[in-house]
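Asks: how would this look folded up:
(chains A, B and C)
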Amino acid sequence: MEEANIMDLRRGPWTVEEDFTLINFIAHHGEGRWNSLARCAGLKRTGKSCRLRWLNYLRPDVRRGNITLDEQLLILELHSRWGNRWSKIAQHLPGRTDNEIKNYWRTRVQKHAKQLKCDVNSKQFKDTMKYLWMPRLVERIQAAAASGTTATSSSAATTAAAYIQNEEIQPPVPYVNHHHTSEYVPIQLTNINKTNRLNYSSSDNYSSDLTDGYYNFSIDQSSNQNYSQLHQSTNQTCYGESIISPTGYFHPGFLGFQEVDQQNSTQWMDNSWNIDDVCFLQQQLNNDQ
DNA sequence: AACGGCTTCAACCGCATTCAC
DNA sequence: AGTGAATGCGGTTGAAGCCGT
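Replies: Residues are numbered from 1 along each chain as shown, chains lettered A, B, ... in the order given. The predicted structure is shown next:
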């Protein structure tokens, strides 16, 4: 009998009906004990699969939409601190799942490393993140805040700045639902799109992505200072070696990348980089050669 | 319109850790 | 303390969508 059930197990994408079943079962009985939950709910799924579907997708406080700039900054900062500790990083980004952050890292960050033909774990690339990418994000977050744009989350740069300033990061408020306390209510579905993804009636906190817009970028003293200021209070030596000149400008050629061609460079025009970034980077490379 | 390459991300897998008995 | 089950985590995969030709 048990073996027959195993044979019947479904795999692959979840159907809307399965989602409904899982959501409503959890609404009435709470989450946890996933294997028995799967059985009791009549889902032909493993407990693991149910847990994953709930935590990464169906949970009402899962935040969907683009990763905001301050979230990007936070991810970069926390990853530089903890490495691939996705769940730990996710705990500090409310509503974001470890899976989502992991995907962001692989699809965006690792892509940049690949385009620069360097290892994502290399000092070279870490320096790029630390001294180019992150200051750039800070600048853009501040620009967005100054213009009153709502593209970033309400806390905007302050959240990330707070993390950067505090070496000891306080544990986040955990996501809590004690078993069988049924803190969830059945979710009212208002729309089902063609990919069987659910749209909730509650307002999705989608953030428009600033990065779609053109932002005039040049690495100058002010942009360095922005990030520098965030770091100085930590008493860390963030600008060691000769990366930053006394005037605050980047030292030409500090990155030392080789063979970044135009084709690769233009591919940087995505979420975090635009053509000005690329021009600057290439200028540095040319100076170095 | 059709095709192929690329990107994204939901879902799976294996392993490690924690829990319950 | 030992053991099996449940849960958590990080790495990987593959289907779907997008985009250029």
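Asks: Write out the residues of chain A neighbouring DNA strand C.
Replies: Applying CB under 7 Å from any atom of the strand, one finds that chain A approaches DNA strand C through A:12-13, A:32-36, A:47-48, A:51, A:84-88, A:98-99, A:102-103, A:106, A:194-195. Every C-beta, even on glycine, is put in place using the N, C-alpha and C of the backbone.
Asks: Tell me who's in contact with A:Val120.
Replies: Applying CB atoms under 8 Å, 6 or more residues apart in numbering, we find A:Val120 in contact with A:109-110, A:113-114.
Asks: Just the buried subset of those residues, please.
Replies: Among those, those scoring as buried are A:109, A:113 (criterion: 16 or more other CB atoms under 10 Å).
Asks: Mind checking which of the contacts of A:Val120 land in helices?
Replies: By the criterion of DSSP state H, membership of those in helices covers A:110, A:113-114.
Asks: Would you mind listing where chain A has pLDDT under the threshold?
Replies: A:1-7, A:149-289 (pLDDT under 70).
Asks: Tell me the residues of it that contact DNA strand B?
Replies: Counting by CB under 7 Å from any atom of the strand, chain A sits next to DNA strand B at A:10-14, A:45, A:48-49, A:52-53, A:56-57, A:64, A:99-100, A:102-104, A:106-108, A:111, A:267, A:270.
Asks: do that again at 6 Å, thanks
Replies: Residues of chain A that fall close to DNA strand B, judged by CB under 6 Å from any atom of the strand: A:11-14, A:49, A:52-53, A:56-57, A:99-100, A:103, A:107, A:111.
Asks: okay, now the residue of the stretch 51-200 of chain A found nearest DNA strand B: neighbour count?
Replies: Using CB to the nearest atom of the strand, the closest approach of the stretch 51-200 of chain A to DNA strand B is made by A:Thr107 at 3.4 Å. The tally of other residues near A:Thr107 (other CB atoms under 10 Å) stands at 11.
Asks: and what of A:Asp8?
Replies: Neighbour count for A:Asp8, taken as other CB under 10 Å: 8.
Asks: Could you measure from the nearest residue to it once chain neighbours are set aside over to A:Gly12?
Replies: The spatial neighbour of A:Asp8 that comes closest, neighbours along the chain excluded (CB to CB, 6 or more residues apart in numbering), is A:Lys44 at 5.2 Å. Relative to A:Gly12, A:Lys44 is positioned 12 Å away (CB to CB, to the nearest Å).
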